[in-house]
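J.: Sharing a model that was predicted from the sequence below.
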Amino acid sequence: MSGGVDSSVTASILARSEKSLDLSAIFMRNWDTRDESGTEKGCEWEKDWEDVQRVCKLLDIPCRMIDLSREYWNRVFQPALEVWSHGQTPNPDVSCNREIKFGALLDTLKLQDGWLATGHYARLERSRASNSDTRHSDVDRVKLLRGVDPVKDQSYWLSSVSEAQIRRALFPIGHLSKGDVRKLAVDAGLPTASRRESMGICFVGKKRSFSSFLGDNKRISQDGYLPPNPGTIVTLDGEVIARHQGLWHYTIGQNARISGRPKRMFVAAKRPEKNQLIVVDDRHHPELARLMIRVTGFRWIWDEHPPPEAFQAEGMPISVKFRSVMQPIPSVLRVRDRNKGEISFMDAQYGISPGQTAVVYLGAWCLGSGTIVE
């Protein structure tokens, strides 16, 4: 449980189930702002923990906190920091589900006959393995499916977990809309029913910008997690129009926020070797258009994937998401091996950044994901 309405309703659904369930709640402490400041100031996780305890008291469920901040630092934050330092755009929330919630937490709990339920807007479909599937003949096969709510669907964030990691998972609200969940929370009298939705990366916090978080942490070093690395902002023809303090402040496609220009300028590319940021004056400029992306580091949820069709010259029809909030778009997947390949789009796509996660779907079925390299 996180202290939010989604995990609260998940707990309420299970607590009020007609089945006799032996429930206990887990709150993960993955980050503490005191680790940065060295003081008692800014304990944002404590409010979340208080809300978890209030909900569990109402539902008569025992709860406890597990500190996974060290694992989060080593397995999620430091790798993401390395990617940011090279001017790319990582997705630590995707890594967090794989490495922490369905990684370190499961390792800590050592579930045998138990199940792990979360408040993700996603669904799981279970079926017995076919007789011809000798590798999985004695277990259920599990498919990760998109949540019913197209806006809140969180299969994107779960796309790099393995089938083994979600085999004993439950997503009780995956068939509901956010409105449905809010109503259930109100009807159940949950103290988190009116709590505002938590958005953004967990370690940045609610009152800081991403740039100030990475650049202003003086306890880590004089200049923060990533020291300033000044460079030039240039147009396509090489005209220097401004300076930047580090490529990691920017994402491809975003407004570069350059003052004194007659038009807004958008980030079109990064040149790390020259420490240059390339900008254009149109969000849909041809320099931002992509008909194909190269993807590496694929993590397939089923260990026998990708499907054989993806190795064929004509490729395999799929749909893909390269942002969590977008709807899947028709595409074609061609792979060279299990770990890398190309995804071609039917129509040009804009604002795609190296480091982002590309998630592969067959209809509602999420097959896995990889990292965009170009």
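T.: Okay, I see it.
J.: who's in contact with residue 89?
T.: Each residue near residue 89 by Cβ atoms under 8 Å, 6 or more residues apart in numbering is listed here: 83, 251-252, 353-356. C-beta here means a position set from N, CA and C on the backbone, and glycine is covered the same way.
J.: which of the residues you listed lies closest to residue 146?
T.: Of all these, residue 146 sits closest to residue 356, with 18.6 Å by Cβ to Cβ.
J.: Report the separation between the closest residue to that closest one other than its chain neighbours and residue 22.
T.: Computed as Cβ to Cβ, 6 or more residues apart in numbering, the closest residue to residue 356 that is not its neighbour in sequence is residue 372, at 4.9 Å. According to Cβ to Cβ, to the nearest Å, residue 372 and residue 22 sit 43 Å apart.
J.: next one: residue 196
T.: Distance from residue 196 to residue 22, by Cβ to Cβ: 32 Å.
J.: Now flag whichever of the contacts of residue 89 is closest to residue 112.
T.: residue 83 (36.0 Å).
J.: returning to what we had before: could I get the contacts of residue 89 in TSV, plus columns for secondary structure, pLDDT and neighbour count?
T.: Listed next are the contacts of residue 89 as TSV, based on DSSP: H, G, I helix; E, B strand; the rest coil; pLDDT from 0 to 100; neighbours: other Cβ atoms under 10 Å:
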residue	secondary structure	pLDDT	neighbour count
83	helix	92	17
251	coil	92	17
252	coil	94	23
353	coil	93	20
354	coil	94	19
355	coil	94	18
356	coil	95	24
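J.: Which members of these define the maximum pairwise distance?
T.: Largest pairwise distance in these, by Cβ to Cβ, is 13.8 Å, between 83 and 252.
J.: Can you show me the helices along the stretch 201-350 of the chain?
T.: Here the stretch 201-350 of the chain has its helices, by DSSP state H, counting those that start in this stretch, at 210-215.
J.: hang on, residue 11 in a helix?
T.: Yes - under DSSP: H, G, I helix; E, B strand; the rest coil, residue 11 sits within a helix.
J.: correct me, but it touches residue 59?
T.: Yes - using Cβ atoms under 8 Å, residue 11 is in contact with residue 59, at 5.8 Å.
J.: quick one: which of the two has more around it?
T.: The residue with more neighbours, out of residue 11 and residue 59, is residue 11; 24 against 18, by other Cβ atoms under 10 Å.
J.: need the contact list for residue 91.
T.: Applying Cβ under 8 Å, 6+ apart, the residues near residue 91 are 355-357.
J.: Same question for residue 24.
T.: Counting by Cβ under 8 Å, 6+ apart, residue 24 has contacts 61-64.
J.: Looking at those, which are in strands?
T.: Those of these mapping onto strands are 63-64, per DSSP state E.
J.: count of neighbours near residue 297?
T.: For residue 297, the count of nearby residues is 13 (other Cβ under 10 Å).
J.: now residue 307
T.: Close neighbours of residue 307, defined as other Cβ under 10 Å, add up to 16.
J.: and what of the one 3 residues further on?
T.: Residues contacting residue 310 under the criterion other Cβ under 10 Å number 21.
J.: Also residue 280?
T.: 19.
J.: By residue count, what's the longest helix in the protein?
T.: In terms of residue count, the longest helix belonging to the chain (DSSP state H) is helix 44-59.
J.: tell me which residues in stretch 171-189 are buried?
T.: For stretch 171-189, the neighbour count (16 or more other Cβ atoms under 10 Å) marks 171-174, 176-178, 181-182, 184-185, 188 as buried.
J.: Return the member of these nearest to residue 262.
T.: residue 178 (40.6 Å).
J.: Could you double-check that the residue nearest to residue 356 sits in contact with residue 320?
T.: No - shown here, residue 372 and residue 320 do not form a contact pair, counting by Cβ under 8 Å, at 10.3 Å.
J.: Low-confidence ranges, the stretch 151-300 of the chain, go.
T.: Counting by pLDDT under 70, the low-confidence segments of the stretch 151-300 of the chain come to 198-224.
J.: which residues in it form strands?
T.: Secondary structure of the stretch 151-300 of the chain (DSSP state E, counting those that start in this stretch): strands located at 169-170, 231-234, 240-244, 266-271, 276-280, 289-300.
J.: got the contact list for the longest one?
T.: The contact list for strand 289-300, computed with Cβ under 8 Å, 6+ apart, reads 98, 159-160, 162, 306, 322, 335, 338-345, 348-350, 352, 358, 367-374.
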